[in-house]
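S.K.: got a sequence here, can you build the structure:
(chains A and B)
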Amino acid sequence: MIRMILRRLLISVLVLLVVSILVFVATLLLPGDPARAILGTQATPERIAALQEHMHLNVPVWQRYFDWLSGVLTGDLGFSTSTQGSVNTLLADRIGASLVLLIASAVISTPIGLVVGTWSAIRAGRTSDHVVSGFSLVIAALPEFVIGVALVVLFSTSVFKLLPSVTLSPPGTPVWERPTQLVLPVLTLVLVVTPYIVRMMRATMIEVLASGSVEMARLKGIPERIVLFRHALPQASGPVAQVIALQLAWLAGGVVVVEFLFRYPGIGAALIDAVNNRDVQVVQAITLLIAGVYVVVNLLADVVGIVTNPRLRTEVAK
Amino acid sequence: MTALDVTDLHVSTVDDTPVLRGVSYSIEPGEILALVGESGSGKTTAGLAALGHFRTGLKAVSGSVLASSCGGAPSDVLALPEKQRRALRGRVISYIPQDPALSLNHSLRIGKQIAEVLEVHGYPGSVEDRVRETLTEVGLPSDTEYQRRYPHQLSGGQQQRVGIAMAFAWKPSVVVLDEPTTGLDVTTQALILETVAKLAAEQDTAALYITHDLAVVAQIAHRVAVMYSGEIVESGAARQVLHEPQHSYTRALMAAVPGIEGPVGRSEAEEPDEDVVLRAERIEVSYADTKVLRGVDLAVRRGESVLLLGESGSGKTTLSRSLCGLIEKCTGTVTLDGNPLSASARKRSCEQLRDVQYVFQSPFSSLNPRRTIAESVEVPLRQLTDLDKDQRRKRVAEVLEQVRLDPEYADRLPGGLSGGQRQRAAIARALVTTPKVLVCDEVTSALDVSVQATILELLGELRTELGMSILFVTHNIALARHVADRIAVLREGLIVEQGTVDRVLDAPEHEYTRELLANTPKL
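M.R.: So this is what the prediction gives:
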């Protein structure tokens, strides 16, 4: 089992390396010359040339890639041209702020999804199950900005005026000092992610509950509660973990829209600013970070799959 | 005192279609009652009712199921509240399922799965000791290392033994066995039957043995009840029902069972040298480190039917697929009328593909459920011939007639056909290109005996009518005299014995063939 996990880990590292190359090449393809973008249209060729040299834009591409990569590996994400500071300090607070969103959404949506999905599966075919299924389908069909705008209309502008619709933290103070401003962004993300987990959990559980092994457990006279927890849930957890991972990975990218909507000072908002300002190294750092989250959650899902399925972690003995 | 007494049991689907119409049976302690019937006769429903369990979509309408634990007063399983019914299950009445691969929990160690049934009902003694004891009783190792295995680390026969151990752990007064040996090899089946008979006798347990295999019934049962569309049409002592069946359905069922006896002598020459259509030489296939086929030589003559006999894992399906070019990494040579065939079907010419056709085991999965029968049968014509639309339609109608399938089925989807009709459609699809060799891979093992008999008859007639050769792949040696001229016995990737049917059955030379014949249950 350890060997399998190590293998996955190695593959993940390779994936990240490939992603770093793609990210680097993609930023090269961004239209416009960063030096020209910074200095504006009035700049003289000499000043542009000087800035290009300062930003190492005149050294060969592959050397720039290795310089950047070695920086990333040693914890130096580079220099932000638009804020004239290190990318590390620029992102430090914002990563924290985004992680708060991510973790809060994951911690709330996963258990709710699992419990509601299981409950719905046990009551499959009854009214309560139909209500849950229909409701989750409707929510799943709505894009995140529609949900976000609807929540703003409902809770902070037209109907009730309970919660702030934008984040108003003075720079330098952490966002979680005013918890009320976290509610709407987190709620939006939870509403986007949960329906998928509910639907997958419900479908998997219905299949597992109809399986021969669950019927056998019932015919052995095992109480329904143990049937559920010992026989059904472990068999459902592998496939559902994959879906949860996909959803959490989506969260890492999905925060971009939600942060923009709520003016939330996280990496998503920073990414949009950086693209507007041709702030290449910030774009690279954030994209790599989001890719990293993708890889890590998928790795975790694989580990859950391996741990809950003995067929994957034990040899076939003869 | 009766251990299980089922009286006038009526079961229907939730929309009130009757499934069981007044089924009554009773079993004494230590007695084995065989409940015999074909698929859809309601025998599994009647068996599960003994545990008060009805599958989704079914409900009990009326009747009673009285079960008595040793020395206790009988209680009506159907009338008990859920909690007390649950207390009976696994302890007083237990169940052995058809397919242990599906019924054991793959994420729990087997020791735990046996211990569990003891723990939930509060076993008075040491659970650990009893688990060891039951494992020994069913002939499995009982050490801790073995108990820590997962089901997938056991063979099919061992898995079924674990199922039996769970069922007999509490020394129940009633055991319901639902076709527990279907899917097992004859050798394993013989051992399992022996274990069940021994345990039932030792523990004085009443056993309800559900099966469609009358030969197994003859071997194990004291009494037999024959079910037909939700009713018990005949019951009595095993010997009497099997040898002097009263009801016309029982008689038809008995007549359909292929016996190892049967018509004798159809082919002459021992050495298949002349007029060989399909010849395979030195066929080898390996998956990873395992050699599945280790140099197989096989020849099929024109108009001849060869029975390729092998148990699961012998490589018989791998061999038949290799002949059809479905296993690209097989080595060795396959020749058709003396011309070499590529190991890959994709590299074979249309003519070569037309000449060797394949019929799959299960007609339930080999036909596309979203295509009509006519569309499915037409596929080989589209792919392998230049016939135009009208010619194709004519040919499809012709071949459906050949397999005795009513033209009204041509435009139906497979879902609207019975198993036997579907297999006829699948055979039609293989015949539509008038092949020289038809490879039939376990084509009757998913079908009931009476349907099996009609399919075997059809294949025999087609062979005479069309003069084609058949390679009939099966695990069931009892079919030999009914379909084949020669037998080739495959074991662990090698042909261990080959010869005419009469010679192999009457004077088997290889130890393994003798063993197979000895383990095949007879009526």
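S.K.: please make it C-alpha for all contacts and neighbour counts, starting now.
M.R.: Fine.
S.K.: can you give me the helices in the stretch 401-523 of chain B?
M.R.: Assigned by DSSP state H, counting those that start in this stretch, the stretch 401-523 of chain B shows helices spanning B:419-431, B:449-466, B:480-483, B:501-506, B:511-519.
S.K.: show me what the first one is in contact with.
M.R.: Just to be clear, that refers to helix B:419-431. B:357-360, B:362-364, B:366-367, B:373, B:376-380, B:399-400, B:402-405, B:414, B:438, B:443, B:447, B:451-452, B:455 (C-alpha atoms under 8 Å, 6 or more residues apart in numbering or on different chains).
S.K.: keeping just the C-alphas, turn that helix into CSV.
M.R.: What follows is helix B:419-431, C-alpha atoms only, in CSV (Å, rounded to 0.1, in the frame of the first residue of the first chain):
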residue,chain,number,x,y,z
GLY,B,419,-33.2,-16.0,-22.7
GLY,B,420,-33.6,-18.8,-25.2
GLN,B,421,-35.0,-16.5,-27.9
ARG,B,422,-32.1,-14.1,-27.3
GLN,B,423,-29.6,-16.9,-27.7
ARG,B,424,-31.3,-17.9,-30.9
ALA,B,425,-30.9,-14.4,-32.1
ALA,B,426,-27.2,-14.4,-31.1
ILE,B,427,-26.7,-17.7,-33.0
ALA,B,428,-28.5,-16.1,-36.0
ARG,B,429,-26.0,-13.2,-35.9
ALA,B,430,-23.1,-15.7,-36.1
LEU,B,431,-24.7,-17.8,-38.8
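S.K.: let me see the mean pLDDT of that helix.
M.R.: For helix B:419-431, the mean pLDDT works out to 91.
S.K.: which parts of that helix are buried?
M.R.: If you call a residue buried by 16 or more other C-alpha atoms under 10 Å in any protein chain shown, then helix B:419-431 has these buried ones: B:419-431.
S.K.: got TSV for the residues you listed, with distance to A:Glu215 too?
M.R.: Shown next, in TSV, are the buried residues of helix B:419-431 (distance: C-alpha to C-alpha, whole Å):
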residue	distance to A:Glu215
B:Gly419	26
B:Gly420	29
B:Gln421	31
B:Arg422	30
B:Gln423	30
B:Arg424	34
B:Ala425	34
B:Ala426	33
B:Ile427	36
B:Ala428	38
B:Arg429	38
B:Ala430	39
B:Leu431	42
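S.K.: what segments of the stretch 1-150 of chain A are helices?
M.R.: A:2-28, A:34-39, A:45-54, A:61-73, A:87-122, A:127-141, A:144-152.
S.K.: avg pLDDT for the second one?
M.R.: This points to helix A:34-39. Helix A:34-39 comes out with an average pLDDT of 68.
S.K.: ok, now stretch B:482-501?
M.R.: 91.
S.K.: now do stretch A:61-80
M.R.: pLDDT averaged over stretch A:61-80 gives 81.
S.K.: number of nearby residues for the nearest residue to B:Gln498 once chain neighbours are set aside?
M.R.: Leaving aside its chain neighbours, B:Gln498 sits nearest to B:Ala488 (4.4 Å; criterion: C-alpha to C-alpha, 6 or more residues apart in numbering or on different chains). In terms of burial, B:Ala488 registers 23 neighbours under the definition other C-alpha atoms under 10 Å in any protein chain shown.
S.K.: now B:Ala488: how far from chain A?
M.R.: 27 Å (C-alpha to the nearest C-alpha, to the nearest Å).
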